[in-house]
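**Student:** Quick one: sequence and predicted model below, then my questions.
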Amino acid sequence: MVYNSKLSSEFLDELFEAILLLRNREECYRFFEDICTIKELQSISQRLQVAKLLRENKTYHEIEDITGASTATISRVNRCIHYGADGYNIILDRLEKIKKEKNKDE
């Protein structure tokens with residue numbers, strides 16, 4: 001199944017191709033430190049943590065305390081998890097799988 005994003009553009013296609021070329025965490029740090037502001041990176045990483053905590057059935061209050069995210073941000077992430085493009089669920093499933101495999105090997 002092919003996903004047709006409403007955001008699709010030549011510029012975004014090239015950005016995503018560039019991201020897919022990154023080989024490791026160090027290269028990610030180098031690229032994202034150059035292309036994003038510190039605040040942008042903090043916001044993106046905060047949203048991912050919010051999504052993770054929502055899937056762990058944490059309350060908005062708990063998530064707010066842990067991440068510092070506003071209830072508006074938590075609500076927006078929650079909407080994306082349930083009604084969005086499934087991006088959070090795809091990546092969180094993969095992260096959970098990696099974590100389980102690591103724990104199994106230890």
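**Tutor:** All right, it came through fine.

**Student:** So for the spatially most central residue of the chain, what's the pLDDT?
**Tutor:** Most central in the chain under C-alpha atoms, centre = their mean is residue 48, positioned 3.9 Å from the mean C-alpha point. Per-residue pLDDT puts residue 48 at 98.

**Student:** repeat for the one 4 residues further on
**Tutor:** You'll see residue 52 listed with a pLDDT of 98.

**Student:** Is it correct that it is in contact with residue 92?
**Tutor:** Yes: taking C-beta atoms under 8 Å as the definition, residue 52 is a contact partner of residue 92 at 6.1 Å. Heads up, the C-betas are built off the backbone N, CA and C, glycines and all.

**Student:** burial count for the closest residue to residue 3 other than its chain neighbours?
**Tutor:** Leaving aside its sequence neighbours, residue 3 sits nearest to residue 85 (C-beta to C-beta, 6 or more residues apart in numbering; 7.0 Å). The number of residues packed near residue 85 is 12, by other C-beta atoms under 10 Å.

**Student:** For residue 85, give its distance to residue 21.
**Tutor:** 22 Å (C-beta to C-beta, to the nearest Å).

**Student:** about what we covered before: let's see the pLDDT reported for the residue nearest to residue 3.
**Tutor:** 95.

**Student:** Kindly indicate whether it is helix, strand or coil.
**Tutor:** Secondary structure state of residue 85, per DSSP: H, G, I helix; E, B strand; the rest coil, is coil.

**Student:** I figured it hits residue 5, correct?
**Tutor:** Yes: counting by C-beta under 8 Å, residue 85 touches residue 5, with 7.0 Å between them.
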